[in-house]
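Chemist: Build me a model:
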Amino acid sequence: MRRRTQAARSFPAVFALPAGFTAFLAVGTIAAALGGRMPGTAVLTACAAITGVLSATAEPLAALPLAAIGWLTVAGFSKPPYAQLRLSGSFTWNAAIVLVIAAAAGTCVRLVLRRYTLVDMEVRSGKRDEPGGAEAAGGIGSRRVLGAALLAAAGLPLLTWALAAARPHLDLADDLLIYLVAVVVITVVGGFWPAVAAAVAASLLLNWYFTQPLHTFTIQQPRNLLALLLFVTVAVAVSSVVHLAARRAVQAARSRQESAALLALAQTVLGGADSPIEILAHLTQTHGGQAELIERTGGHWVRVAASQAGSPLDAATRIDVRPGLALRVTGQRPTATRALLAGYAAQAAAAVDRERLRIQAAQAEALAEGNRIRTALLAAVSHDLRTPLASIKASVSSLRQDDVDWSAADEADLLATIEQDADRLDDLIGNLLDMSRLHTGSLQPFLRPTPVDEVAPAALLGLDRSSGLTLSVPENLPVVRADPGLLERVLANLFSNALRHSPPSQPPELRAAPAGDGRVALDVIDHGPGVADADKERIFEPFVRIDRHTSGVGLGLAVAKGFADAMGGSITAADTPGGGLTITVTLPVAAGDRTALEAEA
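Modeler: Residues are numbered from 1 along each chain as shown. The predicted structure follows:
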């Protein structure tokens, strides 16, 4: 099982530098307040500790500013008179070496921690950094950072020249506030790091041009050093606030984009495109690249779905959805953040589960339907098939008796019974075989131009009371596109049903006529008891018998509907005017006309 380790998070520089500068200012204030009772080594130790701890927990770029401000604190508050910079002397240079070592040691500790808690585990688990680079993390792009650097390089010297010219009318507090405004402007343009550089540069310019003695880095009055330290601290703190606001704005915009993308995905899924392939296609169409969903089976990763055909994405980034199921992506645009990809992965996994549940439900439904048909078939075999067999056997046994002298009329009746029951068995077995073909999917109709007036008479052959059924087929009736054998079976079953229910005084009828829209309607009309409206759909289901007093297993109309559907037609039931039932078979008209068909024949 893959180990998961959470990487140690860096203390952002936007928090570390203001905290460090405030801590240095506190150390200097305490040293000044103690009036010499805090030796210079203690000040150096405190500043080195602050620098080392913050360098070990903050971003690596924060180490250098921390060491610089810590050194200025040691140089100004190591011994009385306090708040005066002493940039020369062995203690000052030794302090610089100590603070650089502290910053370097803290940075090395930070890099070692990052090496063992972030880099190795992220490479092994397939994670990646959030796209977007510096702009996504800090809210400021590289162009704006460059623009802020140029603004500081050009603007601060110009501002210094203007303030030096107006020195008689301004004091140090005014100069500090004006430089602070300049630093805030640079922060708004370029973000945090240009602002830090501008704040340090502005403090040096203030020290060189506006604090006594002028044009040196020595500060004569303690309050001026305190003002400069407060200026740097406040400038960096304000820069941190502006920088965080810009980053929050970018994060909010990115969150809105992710929400909009997930909403579009949800609308797509709710609209019916809920297969894993369609979800991955939506991902690549929206954010580019390629994507595939993989599942671990038998110790190997197997592709379940992919946005496009091709070889597996071996060098792609992997996002685990759950154990044994993952999403692999490559080539996406920066808008495809890891959180957004995780949302797509979850939707794709849910689509796989839904698809498998649908397959299982369909299989269960098919099994249930098969069980129902088998149960009905057993019931039919136990009664409707055994009854004619028993009648045939009894008739044959009677004819073979030697001790009975049968008359010619009796023998004719027994033979008629045998023939009638054999025909009945033939019809039942034929319907059962036809229904089996329909349910197993082995039926493959051969569709071709078929004249109705040739198929209908053939369907009457072998039916009882066939001479009583009237065929009304116009000579100019268009030929239909059908399988002649299947159409004959459809009409034979409908004729048999109509003859069974029609009274002798009102025989059934077949009426054929064009139905419009390139179709032909075949109406089989009987004048029997009819069927209730609630049962007009049920009569086409297998093993359904509305009239319990008639023989049969209820397969004739079901077979007729199955064959009609297989030929691209339809079958419906309606009431016959004056009483009875009319079953209409609608079939498409074949290409060409009857003349061409006869010429081909």
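
Chemist: And the strands in this structure, which stretches?
Modeler: 290-297, 300-306, 317-322, 325-330, 448-450, 470-472, 480-482, 509-516, 519-525, 570-575, 581-588 (DSSP state E).

Chemist: helices or strands next to the fifth one in the packing?
Modeler: By that I understand strand 448-450. In this structure, strand 448-450 makes packing contacts with strand 480-482, helix 484-501, judged by 3 or more CB pairs under 8 Å, 6 or more residues apart in numbering; DSSP states H and E. Placement of C-beta: from N, CA and C, glycine included.

Chemist: And the ones you listed: which comes nearest residue 401?
Modeler: With CB to CB as the criterion, residue 401 lies closest to helix 484-501 of these, at 33.2 Å.

Chemist: in the closest one, what's buried?
Modeler: By neighbour count on 16 or more other CB atoms under 10 Å, the buried set for helix 484-501 is 484, 486-501.

Chemist: tell me the contacts of residue 312?
Modeler: 292, 294, 301, 303, 328 (CB atoms under 8 Å, 6 or more residues apart in numbering).

Chemist: on that earlier part again, in CSV: the helices and strands packed on strand 448-450, plus mean pLDDT and distance to residue 101.
Modeler: Shown next, in CSV, are those (pLDDT from 0 to 100; distance: least, CB to CB, whole Å):
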stretch, mean pLDDT, distance to residue 101
strand 480-482, 92, 94
helix 484-501, 86, 95
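
Chemist: Break this structure down into its structural domains.
Modeler: Residue ranges for the domains of the chain, per automatic domain parsing: 13-244, 255-362, 380-439, 444-600.

Chemist: can I get those domains in JSON lines with distance to residue 369?
Modeler: Below are these laid out as JSON lines (distance: least, CB to CB, whole Å):
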{"stretch": "domain 13-244", "distance to residue 369": "46"}
{"stretch": "domain 255-362", "distance to residue 369": "10"}
{"stretch": "domain 380-439", "distance to residue 369": "8"}
{"stretch": "domain 444-600", "distance to residue 369": "9"}
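
Chemist: mind checking which of the ones you listed is nearest residue 372?
Modeler: Of those, nearest to residue 372 by CB to CB is domain 444-600, at 8.2 Å.

Chemist: can you redo the helices and strands packed on strand 448-450 as TSV with distance to residue 189?
Modeler: Listed next are the helices and strands packed on strand 448-450 as TSV, based on distance: least, CB to CB, whole Å:
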stretch	distance to residue 189
strand 480-482	76
helix 484-501	81
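
Chemist: nearest to residue 411, of those?
Modeler: helix 484-501 (27.0 Å).

Chemist: Next, the angle strand 509-516 makes with the closest one.
Modeler: Angle between the axes of helix 484-501 and strand 509-516 is 130 degrees (criterion: axes from the mean of the first three to the mean of the last three CA atoms, to 10 degrees).

Chemist: and helix 484-501, what does it pack onto?
Modeler: Helix 484-501 packs on helix 408-440, strand 448-450, helix 452-460, strand 519-525, helix 556-566, strand 581-588, going by 3+ CB pairs under 8 Å, 6+ apart.

Chemist: Select only the buried ones of the contacts of residue 312 in ChimeraX?
Modeler: Applying 16+ other CB under 10 Å to the contacts of residue 312 leaves a buried subset, and the ChimeraX line that selects it is:
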select :292,294,301,328
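
Chemist: Nearest to residue 536, out of the strands of the chain?
Modeler: strand 570-575 (4.4 Å).

Chemist: Tell me how far residue 411 lies from residue 243.
Modeler: To residue 243, residue 411 is 113 Å away according to CB to CB, to the nearest Å.

Chemist: Look at these two and report which has more neighbours.
Modeler: residue 243 (25 against 13; other CB atoms under 10 Å).

Chemist: Just give the nearest non-adjacent residue to that one, would you?
Modeler: Excluding the flanking residues, the one nearest residue 243 by CB to CB, 6 or more residues apart in numbering is residue 192, at 3.8 Å.

Chemist: give me the number of residues near the one you found?
Modeler: With other CB under 10 Å as criterion, residue 192 counts 26.

Chemist: cool, residue 319 as well?
Modeler: Residues near residue 319, counting by other CB under 10 Å: 20.
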